[in-house]
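Colleague: Structure for this input, please:
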Amino acid sequence: MSSKILYFNYSHLYPVTGVGKVVAGFKSESDYESINPFQIKSKSKFLNYVNRIIFHFYYSILLPIFFYLGRYERYIEFNMVKPLFIPTSKVVYFVHDLAFLKNPEHLTGRSLSVRKEFIEALKYNNSCLCNSENTKNDIVKLLKLESKNIYVCLLGFETKLKLNKSELSRFKSRDKRSYLYVGTIEPRKKLYEMLRAFKKSSAKDAELILAGSYGWKNESTINLAKEINNELGYEAVKFTGYISNDELSKLYSCCQYFVYPCDEEGFGIPLLEALYFRIPAFVKYSDVSQEVLGDNAMYLNEFDDFIKVFQGKFDLQIDDDKAIEHLKAFTWDNFNKSLKDGVKKIG
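Modeller: Below is the predicted model:
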């Protein structure tokens, strides 16, 4: 039996998701090999549908064939699903969060069923990798796994070069106070609740840019944004859809403030990216946001606290030295070492 370990390279999928960013940060060594699915980079709905078909072909058919023909010892699953035809005992699972257990209404029926299969496999193995102490605590509390068998691998972030702040992207207005959110447009991100606060603020000198791919069950959020824009008479709330790293860098460089209403994350890479770009961050308090950002943000206890944020009532500054020191713990090198150590300990 080979001692090599196989994993599916989710960073090759288009558009790149949070899971894809994590896998992109993973650096393979000689004893790790990956399946790299082909994808068509296009915003066309039809081609995105084709991409999903290609993905399922690679994942459901080629993955198990590769695993058995290559006689791999282990398979690492980064996407919180139970892979087909690979024995559960051979899989090392990476857990990002358990938000779907706390709020199952945020998922569609099929997605929830897939997650339940994943949970049963996780319990069977009684071991896993995860992205934060907060996620580890949830696993112990909700799934009753033994703490000693859960290995934390803190994530890193892409250290992009800062762009000139005068180089505004097409999403940024020059005469408005700008707030940026980065992440998927879906219910568990609590964007609807934040937009309600934006509406209550009646701020006519502000704009809110929501940068990220459209997820599911987001109709109410999109409709509320349209309602706000109609009331204010300008595009105060802007959706970018999926954007490239270059465009995302411009937004981080140009926007004045970062806002993050989600209190159900397992980690939150955009929190680190915002700190890297030294953008003052207003964050809905959660244990994991405190773990990721420390005291480098202003934490809000209630969603209505965002009202004063959008009205410009707070003057928040980032301590550069403190930010540099804090970010040292969150590197992909540290992540790789923790992950490989965890895989060895799981055995």
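Colleague: Looking at the nearest residue to residue 295 once chain neighbours are set aside now. What's its pLDDT?
Modeller: Nearest non-adjacent residue to residue 295, counting by CB to CB, 6 or more residues apart in numbering: residue 322, 7.8 Å away. The way it works is simple: take the backbone N, C-alpha and C, and place the C-beta from them, glycine included. According to the model's per-residue confidence, residue 322 sits at a pLDDT of 95.
Colleague: how much space between residue 322 and residue 137?
Modeller: Residue 322 sits at a distance of 26 Å from residue 137 (criterion: CB to CB, to the nearest Å).
Colleague: Ok, residue 216 next?
Modeller: 27 Å.
Colleague: cool, and residue 176?
Modeller: 40 Å.
Colleague: Tell me which of these two has more neighbours.
Modeller: Neighbours per residue, other CB atoms under 10 Å: of residue 176 and residue 137, the larger number sits with residue 176, 18 against 15.
Colleague: element containing the spatially closest residue to the more buried one that is not a sequence neighbour?
Modeller: Here the nearest residue to residue 176 in space, its sequence neighbours aside, is residue 207; by CB to CB, 6+ apart that works out to 4.2 Å. Counting by DSSP states H and E, the secondary-structure element that holds residue 207 is strand 206-211.
Colleague: which helices and strands sit right next to that strand?
Modeller: In this structure, strand 206-211 packs against strand 177-182, helix 191-201, strand 237-241, helix 245-254, with contacts taken as 3 or more CB pairs under 8 Å, 6 or more residues apart in numbering; DSSP states H and E.
Colleague: Could you check the angle that strand makes with strand 177-182?
Modeller: Angle of strand 206-211 versus strand 177-182, following axes from the mean of the first three to the mean of the last three CA atoms, to 10 degrees, is 20 degrees.
Colleague: Identify the residues contacting the helix or strand following strand 206-211?
Modeller: Where DSSP H and E defines the elements, the next helix or strand beyond strand 206-211 is helix 219-232. Contacts to helix 219-232, defined as CB atoms under 8 Å, 6 or more residues apart in numbering, come from residues 185, 187, 191-192, 195-196, 198-199, 204, 210, 235-237, 239.
Colleague: closest to residue 302 among these?
Modeller: Checking these against residue 302 by CB to CB gives residue 196 as the nearest, at 11.6 Å.
Colleague: Could you give the number of residues near that closest one?
Modeller: Residues contacting residue 196 under the criterion other CB under 10 Å number 16.
Colleague: wait, what's in contact with it?
Modeller: Counting by CB under 8 Å, 6+ apart, residue 196 has contacts 224, 303.
Colleague: per-residue confidence for it?
Modeller: Predicted confidence (pLDDT) for residue 196: 97.
Colleague: partners of residue 92 in the sheet?
Modeller: For residue 92, the beta-bridge partners under DSSP bridges are residue 76.
Colleague: Quick check, it in contact with residue 72.
Modeller: No: applying CB atoms under 8 Å, one finds residue 92 not in contact with residue 72, separated by 11.4 Å.
Colleague: Poorly predicted segments of the protein, please.
Modeller: Scanning the chain for pLDDT under 70 picks out the ranges 1-2, 160-174.
Colleague: Could you export the longest helix that it contains as CSV, CA atoms only?
Modeller: Longest helix in the chain by number of residues (criterion: DSSP state H): helix 109-125. Included here for helix 109-125 are C-alpha records, laid out as CSV according to Å, rounded to 0.1, in the frame of the first residue of the first chain:
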residue,chain,number,x,y,z
GLY,A,109,-33.0,20.1,1.2
ARG,A,110,-30.4,18.4,-0.9
SER,A,111,-27.5,20.4,0.7
LEU,A,112,-28.8,19.6,4.1
SER,A,113,-28.9,15.9,3.3
VAL,A,114,-25.3,16.0,2.0
ARG,A,115,-24.2,17.6,5.3
LYS,A,116,-26.0,15.0,7.4
GLU,A,117,-24.1,12.3,5.6
PHE,A,118,-20.9,14.2,6.3
ILE,A,119,-21.7,14.4,10.0
GLU,A,120,-22.3,10.7,10.3
ALA,A,121,-19.0,10.0,8.6
LEU,A,122,-17.3,12.5,11.0
LYS,A,123,-18.8,10.8,14.0
TYR,A,124,-17.7,7.4,12.7
ASN,A,125,-14.1,8.5,12.4
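Colleague: Since that was my last question, I'll sign off now.
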